[in-house]
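In: build me a structure from this.
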Amino acid sequence: MKRNGILLMLLFSIVVETVVAQKIKESKSAIPERIINIDFNKAAGKLNTMFNECVGAGRANEGLRADWQQQLAYVRKECGFRYIRMHGLLTDDMAVYTEDSKGKPVYNYMYIDVLFDFLQSIGMKPFVELGFMPSALASGSKTIFWWRGNVTPPKDYEKWAALVKDLTRHFTERYGAEEVKTWYFEVWNEPNLDGFWAGTQEEYFKLYTYSARAIKSVNTSYRVGGPGTAGAAWEPEMIEYCDKHQVPVDFISTHAYGVKQGYLDEFGHSGTVLDKNPMSISGDVLQSREEINGSAMPHLELHYTEWSASYTPADPIHDSYHEAAYVLQKLKQVGNAANSMSYWVFTDIFEEAGPRFTPFHGGFGMLNTQGINKPVFYAYQFMNRLGNIELVNNDSSSWICRDWQGNIQVLAWDFTNTHPGDSVHNQQYYIRDLPSTSKGKLKINIANVPEGKYALEIYKVGYRSNDAYSTYLSLGTPAQLTRQQVAQIKRQNDGSPLSREIITVQGKAGFGKELDIRENDVFFLNLVKL
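Out: The predicted model follows:
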């Protein structure tokens, strides 16, 4: 009996071990795997860099501030932006236009010169937005924002045209025609919204006509366009109008944001909700391109001169680590449909609602007021580090590139819209501590990599990884940051590599890497040939 009992115990033990082993095997196989297979020798072509063609800023007068200029120089260097667009170039705080006692125009470009000279000094060009209306030229007193941009039509369209012509002549005289030929001139901002334009669509087309003809009268090669609308509006109407009336137009511009519930809400009081539509924003861009292609002017360039996850500078999604993956996902979906996608904006030094009182308030910026890098900054920095040759890639959430030196760059991410739905506003959701959950394994395989030694650096953005807002939460969300706290947040989120190692690529093995990936993680792998 004793021997039989021992046998039974052994049999039971074997069965238990077998069941446990099977469970472990099933558990391992249940871990999701995302596999990206790439061939080093299969190039898709030159990388389309429309993502950093242009970036936005609040208003021209803010560009006279030392901290604004320091931040722009930094963002230009790290993210590679070539153009910048901003409101308020002609608003009274830029002191551009007055009239003497006889009603004769008096022009002054000293402030504009200071700003544009600075842009040139750091290698950037203006995407010139013509607006808002100088009060001495305005037909009414309606204004927008804390800094009171006048949004009424001109009281005299001939005087408006003369101002535009003289300003364009001044640019030509100061910077040279060949330089100004590389600029863009956009007429007004969001004229389809009552808050931004007190006139009708017909009056906007009149303003555009006078503006475009004034610019072209200086040099027919200068580029002009519009309508700079909110929500991809007025595009077919704009093209039809210009075609019918022989009005010059070189590009179509418009805006899109990824939230529901209105357009103009600088304080965020109405509450925003991140759209669950997986093609929000990018669907608008693709539709815009289709409208242009099917129009009488299929050659027109398309510029989205504002875009972001949310249209209000009081939306905490802008500060969240979710924003980095969101931006990458939208830009990847857009593909070649747009000539530029201008992220709104590069800095929280932005005063539409007046000066802000807390260091993280949901501002549009890639950097906060103190110059702290937000996660979205790193998304743009990573894109700027991609090589100029894109490799054939069937994965919808990554770019794999190489450069002429044989270095390889991998930018891969997960975007998961974790927003709970319409009943919860972004202002309630994204201010929380939001831990991410596992999405399994990310496996990157690159075949035919030339043999040799490589330095591999891996960078990451995600929950508590280059996630300044979570560090700010851990400090207790102070209303004001001390110097020491600013330094601490910057130090803990400075974009340093997650890991560094030297690897050897031999034979046909190629390069392979497996990573644990979580919701809204962004990885950048830099493989440098030694």
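
In: from A30, how far out is T471?
Out: 34 Å (CB to CB, to the nearest Å). Placement of C-beta: from N, CA and C, glycine included.

In: helices of the stretch 301-450 of the chain, start to end?
Out: Counting by DSSP state H, counting those that start in this stretch, the stretch 301-450 of the chain has these helices, from start to end: 322-334, 375-384, 426-429.

In: ok, and what's touching the second one?
Out: Applying CB atoms under 8 Å, 6 or more residues apart in numbering, the contact partners of helix 375-384 are 49, 51-52, 75, 78-81, 318, 320-321, 323-325, 327-328, 331, 343, 366-367, 399, 411, 459, 461, 466-469, 495, 522, 524.

In: still on that earlier bit, right, and the helices of the stretch 301-450 of the chain - which one's nearest P313?
Out: helix 426-429 (12.0 Å; CB to CB).

In: that older thread, adding mean neighbour count, write the helices of the stretch 301-450 of the chain out as CSV.
Out: Shown next, in CSV, are the helices of the stretch 301-450 of the chain (neighbours: other CB atoms under 10 Å):
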stretch, mean neighbour count
helix 322-334, 24
helix 375-384, 25
helix 426-429, 20
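
In: which residues are in contact with Y463?
Out: With CB under 8 Å, 6+ apart, Y463 has these contacts: 321, 434-436, 470, 518-521.

In: nearest spatial neighbour of it, chain-adjacent residues omitted?
Out: In this structure, Y463 finds its nearest non-sequential neighbour in S436, 4.2 Å apart by CB to CB, 6 or more residues apart in numbering.

In: from memory the one you found sits against D521, does it?
Out: Yes: contact criterion CB atoms under 8 Å: S436 and D521 qualify, at 7.0 Å.

In: which of the two has more neighbours?
Out: Taking neighbours as other CB atoms under 10 Å, S436 and D521 compare with D521 leading, 25 against 20.

In: ok, the more buried one touching F415?
Out: No: look at D521 against F415 with CB under 8 Å: they stay out of range, at 9.6 Å.

In: what residues are shared contacts of the two?
Out: With CB under 8 Å, 6+ apart as the test, D521 and F415 both reach A325.

In: and K276, which of the three is it?
Out: What DSSP: H, G, I helix; E, B strand; the rest coil gives for K276 is coil.

In: please begin residue numbering at 707 from this point
Out: Happy to do that; since the first residue is 707 now, the last one works out to K982.

In: and the residue nearest to it when sequence neighbours are not counted, how many neighbours?
Out: Closest residue to K982 apart from its sequence neighbours, by CB to CB, 6+ apart: N1123 at 6.0 Å. Neighbour count of N1123, defined by other CB under 10 Å: 17.

In: I'd like to know how far N1123 sits from I1023.
Out: When N1123 is compared with I1023 (using CB to CB), they lie 11 Å apart.

In: same question for R880.
Out: 40 Å.

In: these two - which one has more neighbours?
Out: I1023 (24 against 15).

In: I'd say that one and N1132 touch.
Out: Yes: counting by CB under 8 Å, I1023 touches N1132, with 5.2 Å between them.

In: which residues do those two both contact?
Out: Shared contacts of I1023 and N1132, counting by CB under 8 Å, 6+ apart, come down to 978, 980, 1016, 1068.

In: save those residues as a markdown table, and put in pLDDT, neighbour count and distance to A1161 too.
Out: Listed next are the shared contacts of I1023 and N1132 as a markdown table, based on pLDDT from 0 to 100; neighbours: other CB atoms under 10 Å; distance: CB to CB, whole Å:
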| residue | pLDDT | neighbour count | distance to A1161 |
| --- | --- | --- | --- |
| T978 | 93 | 27 | 43 |
| L980 | 95 | 25 | 38 |
| S1016 | 96 | 28 | 38 |
| G1068 | 96 | 24 | 38 |
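
In: out of the residues you listed, which is nearest to T935?
Out: The closest of the shared contacts of I1023 and N1132, once distances to T935 are taken by CB to CB, is S1016, at 17.9 Å.

In: the nearest residue to that closest one once chain neighbours are set aside: what's it in contact with?
Out: Distances taken as CB to CB, 6+ apart put V965 closest to S1016, at 4.6 Å, once the chain neighbours are dropped. By CB under 8 Å, 6+ apart, the residues touching V965 are 978-981, 1015-1017, 1021, 1132.

In: next, V965: phi, psi?
Out: Main-chain torsions, V965, degrees, to the nearest 10: phi -120, psi 170.

In: in stretch 906-922, what's buried?
Out: Neighbour-count burial for stretch 906-922, with 16 or more other CB atoms under 10 Å as criterion, is recorded at 907, 909-922.

In: tell me the SS of the residue lying closest to G855 once chain neighbours are set aside?
Out: Spatial nearest neighbour of G855, chain neighbours left out: F838 (3.8 Å); criterion: CB to CB, 6+ apart. Of the three states, F838 takes coil under three-state DSSP.

In: quick one, what contacts F838?
Out: 793-794, 796-797, 850, 855-857, 895.

In: most neighbours among those, which one?
Out: N895 (28 neighbours).

In: element containing it, please.
Out: N895 belongs to no helix or strand when elements are defined using DSSP states H and E.
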